[in-house]
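Have a look; sequence and predicted model below, questions after that.
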Amino acid sequence: MSEELYNRQILEAARERPAAETLADADVRVDKDNPLCGDRVRLELRLEDERIAQLAHRTRGCLLTRAASAMVARFAVGYGLEEVRLLRRAVERILAGEDPDPRWPELAMFRPVAGIRSRHDCVRLPFVALAEALEGAAARTQDCGSASAED
Amino acid sequence: MSEELYNRQILEAARERPAAETLADADVRVDKDNPLCGDRVRLELRLEDERIAQLAHRTRGCLLTRAASAMVARFAVGYGLEEVRLLRRAVERILAGEDPDPRWPELAMFRPVAGIRSRHDCVRLPFVALAEALEGAAARTQDCGSASAED
Amino acid sequence: MNPGVDDLKAAFPIFASAPRPFHYLDNAATSQICRPALEALLRFEGQERANVKRGVYRLADAATRAYEQARSRIAAYIGASKPREIVFTSGATLALNMAAHLLEPRLGRGDHILVSVAEHHSNLVPWQMAAERRGARLTALAVDREGRIRIAELERHLTARTRIVALTHISNVTGLITDLRPVAEAAHRVGAVLVVDGAQGPPHGPLLVRELGCDLYAFSAHKMFAATGAGVLWIREELLDELPPFLGGGEMVARVTIPQTRYAEAPRRFEAGTPPIGPILALGAAAEWLMGLDWTVIRGRERALLDKLLHELSRLSGVRLVGPCESEGRVGIVAFVVDGVHPHDVCQMLDQLGLCLRGGHHCAQPLMDAFGVEATVRASLAPYNDEEDIDALVEGLRWTIRRLR
Amino acid sequence: MNPGVDDLKAAFPIFASAPRPFHYLDNAATSQICRPALEALLRFEGQERANVKRGVYRLADAATRAYEQARSRIAAYIGASKPREIVFTSGATLALNMAAHLLEPRLGRGDHILVSVAEHHSNLVPWQMAAERRGARLTALAVDREGRIRIAELERHLTARTRIVALTHISNVTGLITDLRPVAEAAHRVGAVLVVDGAQGPPHGPLLVRELGCDLYAFSAHKMFAATGAGVLWIREELLDELPPFLGGGEMVARVTIPQTRYAEAPRRFEAGTPPIGPILALGAAAEWLMGLDWTVIRGRERALLDKLLHELSRLSGVRLVGPCESEGRVGIVAFVVDGVHPHDVCQMLDQLGLCLRGGHHCAQPLMDAFGVEATVRASLAPYNDEEDIDALVEGLRWTIRRLR
Ligand SMILES: Cc1ncc(COP(=O)(O)O)c(C=O)c1O
Ligand SMILES: Cc1ncc(COP(=O)(O)O)c(C=O)c1O
């Protein structure tokens, strides 16, 4: 299993360059570090109706993190909070050594990482960034909606 | 060896009551604790020409400490700093498992303690108190003798 | 009944190798290690050793995984709600010092810390030091004649300025179990946190730390049948994220520059440097093994031995119990004095019969003062003790009294 | 030549059991345990276990004796003038935190602590924390392009307000040995004490800590072929009696009452609670065994391996050394990057060939910043490494570069 860790899918995904590294009119921006190695994902989203209309990322990281960022970029446009959470769960399934969620068969490329716990965070990082970005946006909307006394 | 730890000599010495527990006209008084168990020796000395003219002690301790105090009481009258230091060394010899100094054959009773390091301080306590008392007295005399600017 | 409970000595390697007779009754000081703990220690140190938390090679990855598994096992053993509530330390004493430092920022000049007269020095001196650094006040709940902490006096001590209540779960001198629930409620009512010295708790079986009502709980591995060198500070999750770090160093940081440092999340924030990995894995293995035992049986047996011991001691003339005479509300720890014979001499004599007991103040001088003694002899039981140990002790005491009094 | 130096792998149990190939090159993180240390650990935990410092029965007495013998052995290994200068801790990180707390009373508002950019977080964060608590200033000596601490700039940093200089003995990233003598002289001239992070020192042979000129010296057992869970803070005798205690608890006191405590003498004053006895006995056994080896031979061999490693790495296209290119003035620790391949990916690939190397910032982020890198791969040597390990590493790097770049 470990032999296929750097499989062709991961190597190719890691080489994918994002359509954009930054967005002029981003609604949300999240920076997420991996404290283990200092790797960093910066994610920017433009939202429409609480769904992702456009996504940019700048990823400085290992092959696993870069491949994971590429997956985020590939999947996320059109997603709302619900889908993003399902995607997070699908990633955890893979890292727990389970079969991939049929909605995202590409995640299977990360199967060999299941056996190497110290690398789980490398795969998680971009997905966590995505979830936080959307959750943060949702919370903000809610806060405004509930007209809390915050300022 | 350990079988004879509580030998007749030690048991008898531990039962000896001091001639005096306290002196009305003591020149030096030293309190010495064994931090291991809180045992305590209070030693009072009357000096003449820097030699011990009279000795009293109050010993609250185990059989070993009490036997050691009895030895101090038995030996020390007439001693000056020199003899007290030799006696200290003789005690260390015994605790190191060596033959007793021929000047103090009675110390042989403590031979079995050599093998039990945690009890060495029980035997030492009264002898250390004695040495400190005389060293303290000598230092004070010196201080006065050299007319130091202390006050 | 659980297999193995009938011959527990077989699970503790020392009984196979120690010269006979061997009656180990100093379990409150340190207990003997169980085979699963010793094997985990040996396996890690001798065959699978790598540092944790950083390496990506398989050996290091496995070590990290085992380390986190130990955290989960210990969380389960003490009934923590999450593994992240478990902070590894080198022992109960460091855990209690850590507690004092973590809580120190809450102490202002004139604020109040409440302890008890029954505390082990490790749950007293750190609070004295913290009080001194912050100009806080420290008071102590008294004990009754039998050493019971006077919980009834709580209300007299607690004030709006009380920030910390630090009490022992089980006294290492009397074996008395503190009734913590009312203390927790009273402490929380005035806004104080309750820190519990649990050094003598986990050796007597799995517990539910959340139900005790306390906020921090400290204990040592070497007293619960694992290796020397490891300990735990349990911190209630609600507090975890608001407490500052104590020790600085590798692994507890998120980002370090010369002018400043951003700290990592709990529990990493509290675990600076290379942890005592081997001892921690041993602790995890011990917790796992202990969880599988039938504690109803073990506790019942301990109680029966304790009853027997108390009964026999009370019949020995010249022996005086220090602490209660009954087995109610306590574990198998019994302190006593032999009139006219120093505790160290008693223990030294008993040693000649293969009996290992401790004499001294048991790091509880204020309690000794309360009892009006300098020191006591102490017998403390573990699941591997049996009637023979008690019989040998009683016989040994008779012999000692004959010879030394 | 000393018997055994030719086949040192035989003295380290892991090499007999680890699946082949096994090339352990992460010694700066944790080294493997030597047989004498493992046996001492096992013997104590499994067969001779008792708490130290208090019991009078033979088992406890023997444990105390062994504990003090370990203190003497370690004093001899590092060239301390007295065993009492050795304070046992749970590791280098705790030792450095202890140093910071012991020295903290010397820091007034506006006083100055000097460190360097090359420090491990464990010798930086505790000083940041102390500076923050006392309102003191912290500055850092810069490093040159190869990571050498700029000792020449000492005079610019030191002032009459400098109280503490805290530097590494040997960098865990570059292997560079700090020239401590001139630092000690300059520090002492302004009345400052010199604290040295010796984590990477004792693994490279016996030393003479007094001749280094420093005042406190901290290190860990697990990096010098002993068990995890123990460490040492050496304190120069002249300072021993004037430093206050740090951790409070059992064994470090002379007399305790509720209002106040009188502390014991050094080193007991600094050793609160039950120490990591097993790991400390293992450390003593390791020190004793290491003392018997021929370090002229071992150092010569390490130097030759280091030369070979540096030479091979410099010939590999795509590999860039981080730190100096020569073996002068350093031990066998080499950091490098593979252009375009993340250090973690490099290490993960190497692992597939049985090579254990660390990738990351090595708890030295300020040094990484100075080098302008996020992380590096690091190979670190121990006496049991040989040419095969170097050859395997070079081969592994070639393969990694072919596959991942
Ligand atoms: C230079 C240096 N200092 C301090 C430490 C901290 O040692 P430990 O993690 O054993 O406490 C290390 C080891 O990681 C080190 O290499
Ligand atoms: C009640 C109690 N608290 C604290 C401690 C301190 O534990 P350790 O010495 O393992 O740090 C002990 C053990 O001596 C104890 O019995």
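Yep, that arrived. Residues are numbered from 1 along each chain as shown, chains lettered A, B, ... in the order given. Ligands and ions are numbered 1, 2, ... in the order given.

what bridges to C:L194?
Here C:L194 sits in beta bridges with C:V165, going by DSSP bridges.

Surely it touches C:V165?
Yes - between C:L194 and C:V165 there is a contact under CB atoms under 8 Å: 4.9 Å. C-beta coordinates here come from the backbone N, C-alpha and C atoms, glycine included.

These two - which one has more neighbours?
C:V165 (28 against 23; other CB atoms under 10 Å in any protein chain shown).

Can you give me the distance of that one to ligand 2?
Distance from C:V165 to ligand 2, counting by CB to the nearest ligand atom, to the nearest Å: 16 Å.

cool, and C:L176?
Distance from C:L176 to ligand 2, by CB to the nearest ligand atom: 11 Å.

Next: C:R181.
From C:R181 to ligand 2 the distance is 19 Å (CB to the nearest ligand atom).

residues shared between the contacts of C:L194 and C:V165?
Each of C:V183, C:A187 lies in contact with both C:L194 and C:V165 under the rule CB atoms under 8 Å, 6 or more residues apart in numbering or on different chains.

show me where the stretch 201-350 of chain C has helices.
C:209-212, C:237-240, C:277-291, C:295-315, C:343-351 (DSSP state H, counting those that start in this stretch).

Please indicate which of the ones you listed has the most neighbours on average?
Scoring these by mean neighbour count under mean count of other CB atoms under 10 Å in any protein chain shown gives helix C:277-291 as the most buried, with a mean of 27.

for the helix or strand bottoming out on mean pLDDT in chain A, packing partners?
Here the helix or strand of chain A ranked lowest by mean pLDDT, DSSP states H and E is helix A:120-145, holding a mean of 84. When contacts are defined as 3 or more CB pairs under 8 Å, 6 or more residues apart in numbering or on different chains; DSSP states H and E, helix A:120-145 sits against strand A:28-34, strand A:39-48, strand A:51-60, helix A:63-75, helix A:81-95.

Chain C: which of these is closest?
For the helices and strands packed on helix A:120-145, the distance to chain C is smallest for strand A:28-34, at 7.0 Å, taking CB to the nearest CB.

I'd like the distance between C:G46 and ligand 1.
According to CB to the nearest ligand atom, C:G46 stands 19 Å off from ligand 1.

Surely that residue and D:A16 touch.
No - if you go by CB under 8 Å, C:G46 and D:A16 don't touch, sitting 9.2 Å apart.

These two: which is more packed in?
Using other CB under 10 Å as the criterion, C:G46 and D:A16 rank with C:G46 on top: 23 against 11.

residue contacts, residue 35?
Chain wasn't specified; assuming chain A. The contact partners of A:P35, by CB under 8 Å, 6+ apart, come to C:V253, C:A254, C:R255, C:A264.

To clarify, I was referring to chain C.
With contacts defined as CB under 8 Å, 6+ apart, the neighbours of C:R35 are C:A11, C:F12, C:P13.

Format the CA atom coordinates belonging to the one helix or strand C:L167 maps to as PDB.
For C:L167, the host element (DSSP states H and E) is strand C:162-168. Taking Å, rounded to 0.1, in the frame of the first residue of the first chain, the C-alpha atoms of strand C:162-168 are listed here in PDB:
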ATOM      1  CA  THR C 162     -11.700  31.900  46.500                       C
ATOM      2  CA  ARG C 163     -10.300  31.000  43.100                       C
ATOM      3  CA  ILE C 164      -8.900  27.600  43.600                       C
ATOM      4  CA  VAL C 165      -9.800  24.600  45.800                       C
ATOM      5  CA  ALA C 166      -7.100  21.900  45.800                       C
ATOM      6  CA  LEU C 167      -7.900  18.600  47.600                       C
ATOM      7  CA  THR C 168      -6.800  15.100  47.700                       C
END
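
Show me what that strand is packed up against.
Right, strand C:162-168 is packed against helix C:92-103, strand C:112-116, helix C:180-189, strand C:193-197 by 3+ CB pairs under 8 Å, 6+ apart.

Of all those, which one is nearest D:G175?
Closest to D:G175 of the helices and strands packed on strand C:162-168, according to CB to CB: helix C:92-103, at 31.5 Å.

Identify the bridge partners of C:V87.
Those that pair with C:V87 in a beta bridge, by DSSP bridges, are C:L233.

pretty sure it is touching C:P267, no?
Yes - at 4.7 Å, C:V87 counts as touching C:P267 under the criterion of CB under 8 Å.

quick one, which of those two is more surrounded?
Just comparing C:V87 and C:P267: by other CB under 10 Å the higher neighbour count belongs to C:V87, 27 against 19.

ok, now which ones touch that one?
C:V87 is in contact with C:A95, C:M98, C:V232, C:L233, C:W234, C:I235, C:A266, C:P267, C:F270, C:E271, counting by CB under 8 Å, 6+ apart.

Apply 10 Å and report the result again.
Applying CB atoms under 10 Å, 6 or more residues apart in numbering or on different chains, one finds that C:V87 lies in contact with C:71, C:95, C:98-99, C:102, C:216, C:218, C:231-235, C:240, C:243, C:246, C:266-271, C:275.

what about C:G191, neighbour count?
12.

sorry, that was for A:W104
Neighbour count for A:W104, taken as other CB under 10 Å: 17.

Do I have it right that A:G97 meets A:A108?
No - taking contacts as CB atoms under 10 Å, A:G97 lies outside contact range of A:A108: 11.7 Å.

Contacting chain A as well, which ones from the contacts of A:P35?
C:V253, C:A254, C:R255, C:A264 (CB under 10 Å from any CB of the partner chain).

Can you say which of the residues you listed are buried?
C:V253, C:A254, C:A264 (16 or more other CB atoms under 10 Å in any protein chain shown).

quick one: the first one from chain D, how far?
What that stands for is C:V253. Using CB to the nearest CB, to the nearest Å, we find C:V253 at a distance of 6 Å from chain D.

Over to C:I33?
From C:I33 across to chain D, the span is 5 Å (CB to the nearest CB).

Could I get the pLDDT score of that residue?
C:I33 carries a pLDDT value of 98.

which residues does the closest residue to it other than its chain neighbours contact?
Distances taken as CB to CB, 6 or more residues apart in numbering or on different chains put D:E45 closest to C:I33, at 5.1 Å, once the chain neighbours are dropped. Each residue near D:E45 by CB under 10 Å, 6+ apart is listed here: C:13-14, C:32-33, C:37-38, C:41-42, C:222, C:226-229, C:278-279, C:282, D:227, D:277-279, D:281-282.

I'd like to know how many residues surround the residue of the stretch 301-405 of chain C found nearest chain B.
Nearest to chain B, among the residues of the stretch 301-405 of chain C, is C:H342, at 3.7 Å (CB to the nearest CB). C:H342 has 26 neighbours, counted by other CB under 10 Å.

and C:L404, what does it touch?
Listed by CB under 10 Å, 6+ apart, the contact set of C:L404 reads B:Y6, B:L11, B:A14, B:L63, C:V338, C:G340, C:V341, C:H342, C:D345, C:V346, C:Q348, C:M349.

Noted, bye for now.
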